[in-house]
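1. generate coordinates for the sequence data below:
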Amino acid sequence: MRNAIVVGGGLAGITAALALQDSGEWNVKLFEARKHLGGRVSSIRDPDTGLELDNCQHACFRVYDHFLQLIGRCSAEKSIKFQQKTMISFTNPNSGEIGHLYDSNLKPPNHMAKSLLKFPHLKFKEKLSMRKVVKKLSKMTEEERMDLDDISFEDWLISNGQSRNSIETFWGFFVLAALNISAKKASAAQAAFLFRRGLFGKFDAFDVGGFSHHLSHIFENDFETTLKDIGVEIHKSTKINSLIWEKGSCIGVNTSSNNFNADLIIMATPHHIANKLLKTGNESTKHICEKLEMMEYNSLIGIHGLYSKKFIDDDFHFTALVHEPIIQIVFNRNFELNEKSNSNIHQWLSVPVSYADQFLNLSNDDLEEEYKKIISKVWPEHLNFLEKVVIVKSPKATFSTKIGSTKYRLEPNENVPGLIFCGDYINNNWPSTMEGSVTSGLMAAASALELKDWRNDDLWDNWPEPPRRGDENWGKF
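-> The predicted structure follows:
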């Protein structure tokens, strides 16, 4: 048995550790600097209500094959509730007009066409012009897609006849929510992947999944328990100070209390931390640091509105708010959670503010006032029951899929002896999502196991298959 050390206990590191230990060929130690697993996916306890609030509202999609395999491997299927039909609501808070996007019996990429024709937030001419883009995206080769990395998605859309309104209302919304960046700044190659694989991919690809617990619950219970049960040695609250090198090979890690040697080190940290650790390495890491230094982050803000009385219909899940730059989408956490809260909070609204870079300097009071103002347009009575607003800012939430960013993404194996990389910034086409992180962890494991025939679109052998509609083992809305 060979020994591996995984540095970082986020989704990528957990996945790599689990897949390697499952193989029976490796003994794995997992190191996490914080006192809990989860990395940048975490929860905080509100001292007034006792509620565990995720740092930002999270959702998953049925297209997240590898993430859902990880959930299944850790027997956490009931922690996610899935739509059994794609349904995405859009509300204009000024007019009150509501539209929905949903799938039909038409074959992809046309399975959304019926709902698009009825969509009230676009003009008929704009809907017709969208057909050209959908067709172009569906017929695009991978080589053609990658050639778009150095132009913005907005410019590409304009060159293909899309209006400012359709970009802001439709295309830009999905880019903002999934890539955590604006269409103006996003790599067209990365955005094209989103639509090809997601909204215009398989008919059920964009079924939305909501989490029935706070995410720390899943990490602390399902994921950590599974890792321990199969023999992964977990070291929490243990920061890696440096890597240990010998004759050009990475042979271990240094902590405040000890040195740990291993046959393989898997770096599963955010890219700025990887860069910091590698700078003390040898000449073979120089080209990696040059790439990592070119990468940037985009931020997220989570806004939680907590209320003393329920005032929203039981069947309301979420709606996007058209033409709202800050309060972009509103989720009803009551709809997702399995259990009622023991606190005096009976209504919980959650707002994820994507690409929040320009809003980080706003005070919490300013953000709270914006929340109150916009929510009042949709539910005028909400202020009567509002107990408090909790705001969580995450400046380094996701790596940036900005124009030209693909060339800086690392491969799992960068030809540094003893060292493999994983994390959301690894070159696997996915943006900084739960799926991208888990896929990178599997790529690292495949590299360590020398699985030359495995591709990052393949399912992971011997892990449960992702659920399809109607699967009774998984939660449903």
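2. give me phi/psi at residue 43?
-> Phi and psi for residue 43, reported as degrees, to the nearest 10, are phi -130, psi 160.
3. cool, and residue 192?
-> Torsion angles, degrees, to the nearest 10, at residue 192: phi -60, psi -40.
4. just the strands in the stretch 101-250 of the chain please.
-> Taking DSSP state E, counting those that start in this stretch as the criterion, the stretch 101-250 of the chain carries its strands at 208-211, 233-235, 242-246, 249-254.
5. which of the ones you listed has the highest mean neighbour count?
-> strand 208-211 (a mean of 22; mean count of other Cβ atoms under 10 Å). Placement of C-beta: from N, CA and C, glycine included.
6. can I get the CA coordinates of it in PDB?
-> Output of strand 208-211 as PDB, limited to C-alpha atoms (Å, rounded to 0.1, in the frame of the first residue of the first chain):
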ATOM      1  CA  VAL A 208     -32.800  22.100  -9.800                       C
ATOM      2  CA  GLY A 209     -31.800  20.400  -6.600                       C
ATOM      3  CA  GLY A 210     -32.100  22.000  -3.200                       C
ATOM      4  CA  PHE A 211     -30.400  21.000   0.100                       C
END
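7. can you list contacts of that strand?
-> Strand 208-211 has contacts (Cβ atoms under 8 Å, 6 or more residues apart in numbering) with 54, 58-62, 64, 79-83, 86-88, 218, 317-318, 331, 335-336, 477.
8. same deal with stretch 405-414?
-> Outside stretch 405-414, the residues within contact range by Cβ under 8 Å, 6+ apart are 146, 149, 187, 189-190, 287-288, 291-292, 294-296, 399, 420-422, 425-427, 440, 443-444, 446-447.
9. out of these, list just those in strands.
-> Of those, the ones assigned to strands by DSSP state E are 399, 420-421.
10. which parts of the stretch 51-200 of the chain are helices?
-> For the stretch 51-200 of the chain, the helices defined by DSSP state H, counting those that start in this stretch cover 65-73, 113-118, 124-139, 142-146, 153-159, 164-166, 172-179, 188-194.
11. so which of the strands of the stretch 101-250 of the chain comes closest to residue 473?
-> The closest of these to residue 473 is strand 208-211. By Cβ to Cβ, the value is 13.7 Å.
12. sheet partners, orientation included, of that closest one?
-> Paired strands of strand 208-211, with direction, are strand 60-61 (antiparallel), strand 80-82 (antiparallel) (DSSP bridges).
13. can you give me how far the longest one is from the chain middle?
-> Relative to the mean C-alpha coordinate of its chain, strand 80-82 is positioned 16 Å out (Cα atoms, centre = their mean, to the nearest Å).
14. and the ones in strands among the contacts of stretch 405-414 as TSV, adding distance to residue 435?
-> Conversion of the ones in strands among the contacts of stretch 405-414 to TSV gives the following (distance: Cβ to Cβ, whole Å):
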residue	distance to residue 435
399	14
420	20
421	18
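15. which of the residues you listed are buried?
-> 399, 420-421 (16 or more other Cβ atoms under 10 Å).
16. look at residue 418 and say how many residues are nearby.
-> Neighbour count of residue 418, defined by other Cβ atoms under 10 Å: 17.
17. gap between the closest residue in space to it that isn't next to it in sequence and residue 24?
-> Nearest residue to residue 418, sequence neighbours excluded (Cβ to Cβ, 6 or more residues apart in numbering): residue 250, at 3.8 Å. Computed as Cβ to Cβ, to the nearest Å, the residue 250 to residue 24 distance reads 24 Å.
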